[in-house]
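Asks: Structure of the sequence below:
(one chain, ligands or ions: 1)
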Amino acid sequence: MSEETTPLPLEEIAPVVEACVAVLSQIPSALITDIDGTISAIAATPFEAVVDRIAAQALARLAGRLAAVAVVSGRAPAAGAEMVGLPGLIYVGNHGMERIVRGTPWTHPAAEAARAAIAAALAEIEAEVRAQGEAPWLLVENKGVTGTVHYRLAPDPAAAAAMLEPLARVAAERYGLRVSPGRMIVELRPALGVNKGTAIRELVDELGLRGVVFFGDDVTDVDGFRALRALREERPVLTLNIAVLGPETPEVVAEAADLAVAGVPACAATLADIAARLDRADEMTEGPAEAHTLHDNDATPDVTRGGRDQGEIG
Ligand SMILES: [Mg+2]
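Replies: As a prediction, the model looks like this:
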């Protein structure tokens, strides 16, 4: 498999757009994206993160064109849905343990049983940290069937990680959970073989997808990248993994991806260009529609008008 994962900056995304359009021209196809670090810039706390407006508009347009647009995140699915704000999407949350499909929630039954364990383990970690001194930087997020301890606000993040990781391992063992790392976080999950990779595989099966593009930026997205690589070896489905690379991106993310773009702005612009290209392809197939107008790549389409009236150039 070719490794062409030098991140392409905003002005050089054309080859990524081209590759995505080829995959998404399969029928049925889906575009899948993570939230934090792909369509939403990493913020000091998860509550301050905001989805890029251009990215959200592009996802809305794509949802009208593709079999599915899915958001696959470590956040609780309701939190993801609220952030993205598009009811027509599929929201897979808590790394695959929960979903909201066009408004209807679902939780993995075995994960449901772990709620009490997650709450107890988080409380134990928090108490241990506070027992060692003031920790105004500590942010404990109970996401229901998973939990996250954030240390991005710590004055010395490496020291915070060194303190938190053993505490999390002890708590995880006591409560039958698993620890997984992330960017400036330690995460607790039920000890189930469920991750973004298994969730994406389920979507491919359930929707009978023939084309899938996935945008990810962190270690938990690598499960998705690997699942999609395996799927294209196993069956007639085209898959494409796009890494969204920032200064904090672990090396394994780029290694597991097919292509890469540089940060949230380039990811958003890529999504917007894909949406514009697919709109234009539809118009060409369906015969003459409204007159086209030419926009720059960074023009922001008005999704409230349905996107159909937005001609473009790539
Ligand atoms: Mg992410």
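Asks: Poorly predicted segments of this protein, please.
Replies: Filtered on pLDDT under 70, the chain yields the residue ranges 1-5, 286-314.
Asks: could you pull out the strands for it?
Replies: 29-33, 68-72, 90-93, 98-101, 104-107, 139-142, 147-150, 177-182, 185-190, 211-216, 238-245, 259-262 (DSSP state E).
Asks: Out of the ones you listed, flag the one nearest the ion.
Replies: With C-beta to the ion as the criterion, the ion lies closest to strand 211-216 of these, at 6.5 Å. For the C-beta atoms, the positions are set from N, CA and C on the backbone; glycine is no exception.
Asks: For the strands of the chain, give me JSON lines that also has mean neighbour count and distance to residue 271.
Replies: Shown next, in JSON lines, are those (neighbours: other C-beta atoms under 10 Å; distance: least, C-beta to C-beta, whole Å):
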{"stretch": "strand 29-33", "mean neighbour count": "27", "distance to residue 271": "8"}
{"stretch": "strand 68-72", "mean neighbour count": "25", "distance to residue 271": "10"}
{"stretch": "strand 90-93", "mean neighbour count": "26", "distance to residue 271": "16"}
{"stretch": "strand 98-101", "mean neighbour count": "21", "distance to residue 271": "21"}
{"stretch": "strand 104-107", "mean neighbour count": "12", "distance to residue 271": "25"}
{"stretch": "strand 139-142", "mean neighbour count": "17", "distance to residue 271": "27"}
{"stretch": "strand 147-150", "mean neighbour count": "24", "distance to residue 271": "26"}
{"stretch": "strand 177-182", "mean neighbour count": "19", "distance to residue 271": "23"}
{"stretch": "strand 185-190", "mean neighbour count": "23", "distance to residue 271": "25"}
{"stretch": "strand 211-216", "mean neighbour count": "28", "distance to residue 271": "8"}
{"stretch": "strand 238-245", "mean neighbour count": "26", "distance to residue 271": "10"}
{"stretch": "strand 259-262", "mean neighbour count": "23", "distance to residue 271": "10"}
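Asks: Quick one: these as CSV, columns for distance to the ion too.
Replies: Formatted as CSV, these follow (distance: least, C-beta to the ion, whole Å):
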stretch, distance to the ion
strand 29-33, 9
strand 68-72, 10
strand 90-93, 13
strand 98-101, 17
strand 104-107, 21
strand 139-142, 14
strand 147-150, 12
strand 177-182, 8
strand 185-190, 10
strand 211-216, 7
strand 238-245, 8
strand 259-262, 14
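Asks: ok, the closest residue to residue 83 other than its chain neighbours - contacts?
Replies: Using C-beta to C-beta, 6 or more residues apart in numbering and skipping the chain neighbours, the partner closest in space to residue 83 is residue 51 (5.3 Å). By C-beta atoms under 8 Å, 6 or more residues apart in numbering, the residues touching residue 51 are 35, 39, 40, 83, 84, 85.
Asks: same thing with residue 169?
Replies: Taking C-beta under 8 Å, 6+ apart, one finds residue 179 in contact with residue 169.
Asks: mind listing what residue 119 touches?
Replies: Residue 119 touches 142, 147, counting by C-beta under 8 Å, 6+ apart.
Asks: Roughly how far does it sit from residue 218?
Replies: Per C-beta to C-beta, to the nearest Å, residue 119 is found 24 Å from residue 218.
Asks: okay, now the closest residue in space to residue 76 that isn't next to it in sequence: neighbour count?
Replies: By the measure of C-beta to C-beta, 6+ apart, the closest residue to residue 76 outside its immediate chain neighbours is residue 143, 4.3 Å from it. Other residues within reach of residue 143, judged by other C-beta atoms under 10 Å, total 24.
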